[in-house]
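S.K.: A structural model of the following input is requested.
(chains A and B, ligands or ions: 1)
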Amino acid sequence: MNVALFLSVLAIAACGLIYELVASALASYLLGDSVLQFSTVIGTYLFAMGVGSWLSRYLTRGLVARFIGIELMVGVIGGFSSTLLFLAFAYTGAFRLVLYALVVVIGVLVGLEIPLLMRILRDRYAFKEVVSNVLTFDYLGALAASLAFPIVLVPKLGLVRSAILFGIVNAVIALWSTFLFAELLGTRRALRAACVAVLTILTVGMTQAKAITTLAEDNIYSDDVIFSRDTRYQHIVLTAWKDDLRLFLNSHLQFSSRDEYRYHEALVHPGLAALPGARRVLVLGGGDGLAVREILRYPSIESVTLVDLDPEMTRLFATHPLLTKLNGGSLTSPKVRVVNADAFVWLDQNTEMFDFAVVDFPDPNNYAVGKLYTTAFYRALERHVSRGGLFVVQSTSPLFARQSFWSIVETLKRARLKTYPYHVYVPSFGEWGFTLAAGADAPPYAPPGTVPPGLRFLAGPDVAQLFTFPRDMQAVAVEPNRLNDQVLVRYYEKEFDAINR
Amino acid sequence: MSISRREFIAGLVAAPALVGLTNKAPRPIAGGFVDDAMGVGHSLRDGRAVPHPRDRRRVHVAVVGGGIAGLSTAWELDRRGARNFVVLELAAQAGGNARSGENDVSAYPWAAHYVPVPGPRATLVRELFVELGLLRDGEWDERSLCFSPQERLFMHGEWHAGLEPEFAMSLGDRAEFRRFADVVAAQRATGQFTIPSALGVSRASALDRLSMDAWLREQGFTSPRLWWYVDYACRDDYGASLRQTSAWAGIHYFAAREPDERGPLTWPDGNGWITKRLLAKLGGYVKTNAPVSRVRREGSRWRLTSARAEYDADIVIWAAPAFVAPYVVDELRAERRRTGFVYSPWLTANITLERWPAERGSQPAWDNVIYDSPGLGYVVATHQSLRTFEPRTVWTYYHAFADLTPELARQELVRRDWSYWRDRILDDLARVHADIRDCVSRVDVLRL
Ligand SMILES: Cc1cc2nc3c(=O)[nH]c(=O)nc-3n(C[C@H](O)[C@H](O)[C@H](O)COP(=O)(O)OP(=O)(O)OC[C@H]3O[C@@H](n4cnc5c(N)ncnc54)[C@H](O)[C@@H]3O)c2cc1C
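M.R.: Numbers count the residues shown, from 1 in each chain, chains lettered A, B, ... in the order given. As a prediction, the model looks like this:
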């Protein structure tokens, strides 16, 4: 028997299995619970194949042309299955419906393939050999596909392109069949044209895979993405919907323009308004320039030094019209100096002194960022704060991440600093916490009675109230965070997992 | 700031696994063997090439060997007011197994890379560490203690935090780990493992006559996870398997450490950090490229023959490996025939990476161990960096030859060329980082 013929059986079988794996893997990526996704997808798929096999009895004439038609349909639908699923997830609420509909359609078509092929071959070869060979190569194809999928395809090609690649295989087999079974076909030209068309569409899809996933991503940030860039350090995404501008760093929400004033007023004024003599201010992190905007409300401030790791971030917030409108052009103020450096190292290599410092880093969700929340870091920072000066630390949520919040406070205490924790409600974040810190020999901090004019949230007499904690946010016994024992990252991970369950 | 499922997916969609990667041509990997002074060592042992220098000097004390032992000796002599002494070092660079290297990415160790936090009785080490600014008011310098995460283990296809394979343990395994910790605590309490050992209970012990595997069996330990863990410890500390390690030494690894230590102390250049500081203070006493080829009695003094000078010393302190002494010191000739210690060879490599490779599971740690690998894993030299983002890095890879006898291992070391070791090392790492060859720009290999 013709080996090449049976290799195409192997290829067909591999394609069938790949679509099944692609659908299962995508469903588990997107919906979670991989055991459930794999078993329901595989079960549905096998059932649909059974339906296809049963339906094959109703196809009686023009078997070869039908077979080629089915190959082309499998090629297109299977090939674009993962693309469709990504888009369905991003743009519709009916991901599951699309998933199972696709699985059923592909399953039925794949279920038709082998019975039809066997019937085509029955007239050429002895039936017992047809059955034995077709099934052998069918199972071999399944083995090849199931090995290739996790080892080569997913890591090298990704889910979108893997599916398309196998769509191309289906289409190539269809085209080849027009030659192989030429004598059984009436009109070959139309069929070949259809094959070439399908191949072209799939090849274009292959080259556009990246664009397709970006399209899907746009919609995952439910609003319009107005800016998206992978810098050396992070993935910056900016979305806009009506008057709401949102910044995401590595998919974490950093601010919403609707309520960021609450966050930034609370971050800056309780500390800075209490230091009428302050002239020089340091901001660590906060490349969005929003804390700097608040600092520049004090005419007495002579200079602000902003240290942020990512030059693309500070450039974006110094130039993008929507963003400079939001931060009042703070980053281009002549009083402001922007330094792009890693904060801890910058503190170590400098001797500059400041009257007030704002520490506004991303949450401590990994050990790299966690270094910026350690006793060693706060000691290094303290050396840059003048006598009687203060610094404030964004300290996560005392409500959702209570241990994390109090661990930051404890860390500051172990760095021999006086601490004054407070909190504020920011709708897009929830209850949020900050800690003011002062040197051990500094006079005790007293909340300021007045704040600069023009604030939208804080009024002088309200500041003192921020420092009282209701019962469900009060201090708990926790360990300090140290470079050699980053408990904070573990607290944060645990508390974070609990919310997302 | 919590992440919703959708935001999480956004990360996934952008992940290369879903979009696909473009393959680049593999980058060329540079490197070679670094100077390992193997030749000089062999010629000493064979009694070849004894020079006859003209120059003769008179010193009160001559220290042979400029490793950490020789340099610490110099530190103590200097502290006691001695000035008339010399440290003679064979190699071009002092430090011995505590030497280090440096390139434009990072400093890195060549062998010793950490010091367990010295306990309260290790008073001399603590005094040295006070002088080096590591211990202040009873508190260890946070920046020199190993940062989180300290260790991780690769098993079942991904990295897991910690070295004990906890996630893969049955109830029985857990019970054995707990019992092992109890047995170790009891051994620690006897005081015989306390460092410095000179202060400990007299050393001769029944544990000396038992191998570690026999001891584990005798104690009724059967968990394969525990056996792997203890075997790893022996290979890591002694370059020897459980069968080659005495029970005393095997237990020592665990019982000599403080039970609640939050260490160890480590630096990008490993113990080379200490070496550099000792040399900065005491370098004036150290002569490098000065192998001592002969030591003999001359009247009431000792005469040492070195490459460029002969020294007459009242006192000789031997701080070179003990097995070399019988080949150099006339008075110890008789010892040559005795079979004493066997020294296992080692292979270390410093691997320069232009970017971090792909991986699965927990975040990169300082010490990264691969379960059931012949290697000991790798230590990340940039781990002690204060930066939140290190684009490039250097890894120190350790290989012990616990599966071979020391002689066979040594032959293997001499016979194989650099590209053989490069491929073996990268093959081992490719099991956990599939794209390692696209990240590495140099592999420098040291045979010890
Ligand atoms: C791969 C490896 C990893 C290790 N990791 C650690 C670790 O992490 N932490 C730790 O505490 N310990 C570690 N150790 C052990 C540690 O390195 C040694 O205990 C310590 O460095 C030994 O110091 P030393 O001065 O006694 O000997 P060496 O470092 O061997 O120094 C001896 C010196 O004598 C010189 N010498 C030899 N012969 C002569 C001669 N005839 N004349 C003059 N000079 C001579 C040598 O060149 C050498 O410089 C490790 C060892 C190895 C091999």
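S.K.: what's the spacing between the residue in the stretch 401-501 of chain A that the ligand sits nearest to and chain B?
M.R.: Nearest to the ligand in the stretch 401-501 of chain A, going by C-beta to the nearest ligand atom, is A:Asn484, at a distance of 16.4 Å. C-beta here means a position set from N, CA and C on the backbone, and glycine is covered the same way. For A:Asn484, the distance to chain B equals 4 Å [C-beta to the nearest C-beta, to the nearest Å].
S.K.: Give me the pLDDT for that residue.
M.R.: A:Asn484 is assigned a predicted lDDT (pLDDT) of 95.
S.K.: next one: phi and psi at the closest residue to it other than its chain neighbours?
M.R.: In this structure, A:Asn484 finds its nearest non-sequential neighbour in B:Leu145, 3.6 Å apart by C-beta to C-beta, 6 or more residues apart in numbering or on different chains. Torsion angles at B:Leu145 (phi, psi; degrees, to the nearest 10) stand at phi -80, psi 140.
S.K.: Just the pLDDT at B:Leu145, thanks.
M.R.: pLDDT at B:Leu145 comes out at 97.
S.K.: Quickly list what it is bridged to.
M.R.: Counting by DSSP bridges, B:Leu145 forms beta bridges with B:Leu265.
S.K.: Is there a neighbour count for whichever residue of the stretch 51-200 of chain A sits closest to the ligand? I'd like the number.
M.R.: Closest contact between the stretch 51-200 of chain A and the ligand, by C-beta to the nearest ligand atom, is at A:Pro155 (33.7 Å). Neighbour count of A:Pro155, defined by other C-beta atoms under 10 Å in any protein chain shown: 15.
S.K.: The residue of the stretch 401-501 of chain A closest to the ligand against B:Leu265, yeah?
M.R.: No: counting by C-beta atoms under 8 Å, A:Asn484 stays clear of B:Leu265, with 9.5 Å between them.
S.K.: about what we covered before: ok, so what distance separates the residue nearest to A:Asn484 from B:Pro268?
M.R.: In this structure, B:Leu145 and B:Pro268 are 14 Å apart, going by C-beta to C-beta, to the nearest Å.
S.K.: what's the following helix or strand after whichever helix or strand A:Ala211 is part of?
M.R.: Using DSSP states H and E, A:Ala211 falls within helix A:209-220. Next helix or strand after helix A:209-220 toward the C-terminus (DSSP H and E): strand A:224-230.
S.K.: tell me how far the next helix-or-strand element following that following strand is from the chain's mean position?
M.R.: The helix or strand immediately downstream of strand A:224-230 is strand A:235-241, counting by DSSP H and E. With C-alpha atoms, centre = their mean, to the nearest Å as the basis, strand A:235-241 stands 12 Å off its chain's centre.
S.K.: buried set for strand A:235-241?
M.R.: Of all the residues in strand A:235-241, those buried under the rule 16 or more other C-beta atoms under 10 Å in any protein chain shown are A:His235, A:Ile236, A:Val237, A:Leu238, A:Thr239.
S.K.: which one of these sits closest to B:Phe401?
M.R.: For these, the residue nearest B:Phe401 by C-beta to C-beta is A:His235; the value is 44.8 Å.
S.K.: Excluding chain neighbours, give the residue nearest to that closest one in space.
M.R.: A:Asn250 (5.2 Å).
S.K.: Output the longest helix belonging to chain B.
M.R.: For chain B, the helix with the greatest residue count under DSSP state H is helix B:171-189.
S.K.: average pLDDT for that helix?
M.R.: Confidence for helix B:171-189, expressed as mean pLDDT, is 93.
S.K.: try stretch B:97-107
M.R.: 95.
S.K.: Next one: that stretch, is it in contact with chain A?
M.R.: No: using C-beta under 8 Å from any C-beta of the partner chain, stretch B:97-107 never reaches chain A; the gap is at least 13.6 Å.
S.K.: which residues are contacting that stretch?
M.R.: Residues from elsewhere that reach stretch B:97-107, judged by C-beta atoms under 8 Å, 6 or more residues apart in numbering or on different chains: B:34, B:67-68, B:91, B:93, B:108-112, B:267-276, B:350, B:352, B:381-382, B:385, B:392-394, B:442, B:444, B:448.
S.K.: among these, which are in strands?
M.R.: Applying DSSP state E to the contacts of stretch B:97-107, the entries found in strands are B:Tyr108, B:Pro109, B:Asn350, B:Thr352, B:Thr393, B:Val394, B:Arg442, B:Asp444.
S.K.: and chain A, which of the residues you listed contact it?
M.R.: The subset of the ones in strands among the contacts of stretch B:97-107 within reach of chain A, by C-beta under 8 Å from any C-beta, is empty.
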